[in-house]
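Peer 1: with the sequence up front, the predicted model follows.
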Amino acid sequence: MVVSLIVLGVFIIRLYFLKISKQNEKKILENGGKEYGVANSKRITILHILFYMMCIIEAIVRKTEFDIYGIIGVILIGFSLFMLYTVSNLLKGIWTIKLMLVNNHQYNDHWLFRTVKHPNYFLNITPELIGIALLCHAKLTAIVVLPLYAIVMYIRIKEEERLLKEVIIPNTKNLNI
């Protein structure tokens, strides 16, 4: 029961951030911005929901109790939510769950982005998923879904790297001259 409540709480927090993303997406598109990687964004969404559902099912079937793995999971989840808040706050109105660029998108030179490439993926999503799997004792979900998730995240990172190289960095250089 405790495990399910924690997962539900995390899911509600994620819904709150989804609301922020939707608001930002709308403004970006209204101001001439563009979405990239639409198909992959859909795959990420499906896998994220599937991951949560399968973890909860495993927790219910196994009658998972809150133990040391749950504690480690909650610590990872807490860290991931803090990083989600941090990244979304640093990017403000351009932060979205989808891969979107505003007109004349500029590189954010904050130390976090210079130090950790793609902090939203490596410091938010990765610890969140591992934390949820540990909390729920969801071994099967981790074995089956995490590799699929890793593939779509790899594709997303490659898409972002291309946009950084071809659009964002040139925009930043052109405006700084």
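Peer 2: Yep, it's here. This structure is a prediction, so every number in the text was calculated from the model and none was measured. Residues are numbered from 1 along each chain as shown.
Peer 1: in terms of secondary structure, what does the helix or strand where Ile12 lies contact?
Peer 2: Element membership of Ile12, judged by DSSP states H and E, is helix 2-30. In terms of contacts (3 or more CB pairs under 8 Å, 6 or more residues apart in numbering; DSSP states H and E), helix 2-30 is packed against helix 38-62, helix 68-91, strand 99-101, helix 126-136. (C-beta placed from N, C-alpha, C; glycine too.)
Peer 1: run the angle between it and helix 68-91 for me.
Peer 2: For helix 2-30 against helix 68-91, the angle by axes from the mean of the first three to the mean of the last three CA atoms, to 10 degrees is 20 degrees.
Peer 1: quick check: next helix or strand after helix 2-30?
Peer 2: strand 34-36.
Peer 1: burial check on Ala59, number of neighbours?
Peer 2: Taking other CB atoms under 10 Å as the neighbour definition, Ala59 ends up with a count of 24.
Peer 1: I'd like the mean pLDDT over the helix holding Ile12, please.
Peer 2: For helix 2-30, the per-residue pLDDT values average out at 95.
Peer 1: relative to helix 126-136, how tilted is it?
Peer 2: Using the same axes, to 10 degrees, one finds that helix 2-30 and helix 126-136 are set 160 degrees apart in direction.
Peer 1: can you give me the offset of helix 2-30 from its chain's centre?
Peer 2: Shown here is helix 2-30, whose average C-alpha point lies 10 Å from the average C-alpha point of the whole chain (CA atoms, centre = their mean, to the nearest Å).
Peer 1: buried residues in that helix, which are they?
Peer 2: For helix 2-30, burial by neighbour count (16 or more other CB atoms under 10 Å) applies to 3, 6-7, 10, 14, 17, 21, 24-25, 28.
Peer 1: just the closest of these to Thr115, please.
Peer 2: In terms of CB to CB, no member of these lies closer to Thr115 than Phe17, at 22.4 Å.
Peer 1: if we can go back for a sec, who wins for proximity to Ile169 among the helices and strands packed on helix 2-30?
Peer 2: When these are ranked by proximity to Ile169, the top entry is strand 99-101, at 12.1 Å, counting by CB to CB.
Peer 1: ok, residues contacting whatever helix or strand comes next after that closest one?
Peer 2: Later in the chain than strand 99-101, the nearest helix or strand by DSSP H and E is helix 111-115. For helix 111-115, the surrounding residues in contact (CB atoms under 8 Å, 6 or more residues apart in numbering) are 86-87, 90, 107, 119.
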